[in-house]
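Chemist: Next comes the sequence, and after it the predicted model I'd like to discuss.
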Amino acid sequence: MRISFDLDETLFVNPEKVPIEPELKFPFNKIYKDKLRKGSVELLQEINKSDCELWIYTTSNRSQGYIRRLFRRYGIRIDSIVNAERHEREVSRGRLNFPSKYPSVYRIDLHVDDEKSVYENGIAYGFRVYHITNDDLEWADNIRREMQRIIKVK
């Protein structure tokens, strides 16, 4: 199984709105200023230990190197990254009115995102999206259950 996560407002959150993981120790907290949603580290490490591939699929322009290094500091291995540049080059190719994310192109079985439009595109284009919200305190358990459901179906 392959699962992907969006970054902004999904894994990287505003600490004034959403509980966060403890920040990295100095000097890494100065290099990596993004704050991870509480529960992310445990869930992503579990995914690393399972037979699942862990991907990041973001419209962000952060470099793949930056993303890999940040998660490595938390003991998390990212199998692949689709950022804005890669999505444009491999998926949308300048087409107008094309979804901002299209996980099925990469054979991603479940994508986790905060954007309602991505969830709606999942319905319209036939890919699975778990729509996360700021008040979803059970998000990690809900994703675990959804992963198990998808594994049973496959």
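Modeler: Looks like it arrived, so ask away.
Chemist: mind checking how far Leu96 is from Glu115?
Modeler: 19 Å (Cβ to Cβ, to the nearest Å). Heads up, the C-betas are built off the backbone N, CA and C, glycines and all.
Chemist: neighbour-wise, which of those two wins?
Modeler: Relative neighbour count places Glu115 above the other of Leu96 and Glu115, with 18 against 5, counting by other Cβ atoms under 10 Å.
Chemist: so what pLDDT did the more buried one get?
Modeler: pLDDT recorded at Glu115 is 96.
Chemist: Could you give me the buried positions within whichever helix or strand Arg68 is part of?
Modeler: Taking DSSP states H and E as the definition, Arg68 sits inside helix 64-73. By neighbour count with 16 or more other Cβ atoms under 10 Å, helix 64-73 contains the buried residues Tyr66, Ile67, Leu70, Phe71.
Chemist: Kindly report the same for stretch 44-53.
Modeler: Leu44, Ile47, Asn48, Cys52, Glu53.
Chemist: ok, Phe12 - contacts?
Modeler: Asp34, Lys35, Leu36, Arg37 (Cβ atoms under 8 Å, 6 or more residues apart in numbering).
Chemist: which residues pair with it across the strands?
Modeler: Asp8, Leu36 (DSSP bridges).
Chemist: ok, it to Glu21 distance?
Modeler: 11 Å.
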